[in-house]
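Trainee: Mind looking at a prediction? Sequence and model below.
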Amino acid sequence: GESVGLHLPTLSVQEGDNSIINCAYSNSASDYFIWYKQESGKGPQFIIDIRSNMDKRQGQRVTVLLNKTVKHLSLQIAATQPGDSAVYFCAGLTGNQFYFGTGTSLTVIP
Amino acid sequence: GAVVSQHPSWVICKSGTSVKIECRSLDFQATTMFWYRQFPKQSLMLMATSNEGSKATYEQGVEKDKFLINHASLTLSTLTVTSAHPEDSSFYICSARGRGPVNEQFFGPGTRLTVL
C-alpha cells in the first residue's frame, strides 16, 4: 500500500521562530499532496496543498516545498505561534484516495 | 470550505455492543465518503471508501463484517462497529468528496469510541 512517512515524530520550537516539518513518500505516482493540521480531539484541517508539477507553494505564513527527485516534501511555518501547536500530517493522493503520513507533533514554547 | 459533521462526537459502550457512527455532508452532495481510523499519537489509516448507492471498498486488513459501512444517500454515510471490543477503541474520522475534483475532500470532526 501507500507509504507516506515523516522523519520526526515531535518538534519543539520557540515562539517566533520558523518551523520545518518534513515528510517522505514512497509512491512516485502520487501527484497531489496536502498538509493537514490536527488539534487534539478534532478532525484534520487543510493547511496548504501542492501538485506534483510544482516545487513550491506559499500561503499565509506557510510554505510547502516538494522535491520529487527524492520524494520529499516539507512544510515551513514562519513566525510560529502558540496556536500552531498541533499534529501535522502530510497526505498524498494516489488514485482517488489520500494516504496519510505518520504525523509530527509540533509544540510551540512561549 | 464545505461542512462535514459526525455524530456522536464521543461514545462509550460496553464490550459486545454495536455502535453506529454517522457522517453527514451538510452543504454539498457527497458522492464519495471515506472512513479513517486513528489511534492515539498515530496517523489516520484509511479503512474504506464508499460511493453512494454501492458497496464500500475496504482496505486490506479491515474486516468488512466488523465495520459495516452504508452510504444510502448523497449526504449520509454510516459506520457500524459490530460487537465492539476494547481494541476497537479509537478515533474514527470520515471525509467526504462531492462532484468536484478528487483532491477536494472535507473532513469531519471525528468520533471518539471507547469500549469498556
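Mentor: Thanks, I have it.

Trainee: Indicate whether the helix or strand where residue B:93 lies makes contact with chain A.
Mentor: Using DSSP states H and E, residue B:93 falls within strand B:90-97. Yes - using Cβ under 8 Å from any Cβ of the partner chain, strand B:90-97 reaches chain A at B:91, B:93, B:95. For every residue, glycine as well, the C-beta is placed using N, CA and C.

Trainee: pLDDT weak spots in chain A?
Mentor: Within chain A, the ranges that satisfy pLDDT under 70 run A:1-8.

Trainee: What are the boundaries of the strands in it?
Mentor: Per DSSP state E, chain A carries strands over the ranges A:4-5, A:10-14, A:19-25, A:32-38, A:45-51, A:56-58, A:62-67, A:72-77, A:86-94, A:97-100, A:104-109.

Trainee: possible to save those as CSV with distance to chain B and mean neighbour count?
Mentor: Below are the strands of chain A laid out as CSV (distance: least, Cβ to the nearest Cβ, whole Å; neighbours: other Cβ atoms under 10 Å in any protein chain shown):
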stretch, distance to chain B, mean neighbour count
strand A:4-5, 8, 20
strand A:10-14, 10, 14
strand A:19-25, 11, 21
strand A:32-38, 5, 22
strand A:45-51, 7, 16
strand A:56-58, 13, 13
strand A:62-67, 14, 18
strand A:72-77, 15, 20
strand A:86-94, 6, 24
strand A:97-100, 4, 24
strand A:104-109, 8, 18
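
Trainee: Could you export these as a markdown table, including distance to residue B:58?
Mentor: Shown next, in a markdown table, are these (distance: least, Cβ to Cβ, whole Å):
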| stretch | distance to residue B:58 |
| --- | --- |
| strand A:4-5 | 20 |
| strand A:10-14 | 32 |
| strand A:19-25 | 23 |
| strand A:32-38 | 23 |
| strand A:45-51 | 26 |
| strand A:56-58 | 33 |
| strand A:62-67 | 31 |
| strand A:72-77 | 28 |
| strand A:86-94 | 16 |
| strand A:97-100 | 12 |
| strand A:104-109 | 28 |
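
Trainee: how about those, which one is nearest residue B:57?
Mentor: Nearest to residue B:57 among the strands of chain A is strand A:97-100; the distance by Cβ to Cβ comes to 9.2 Å.
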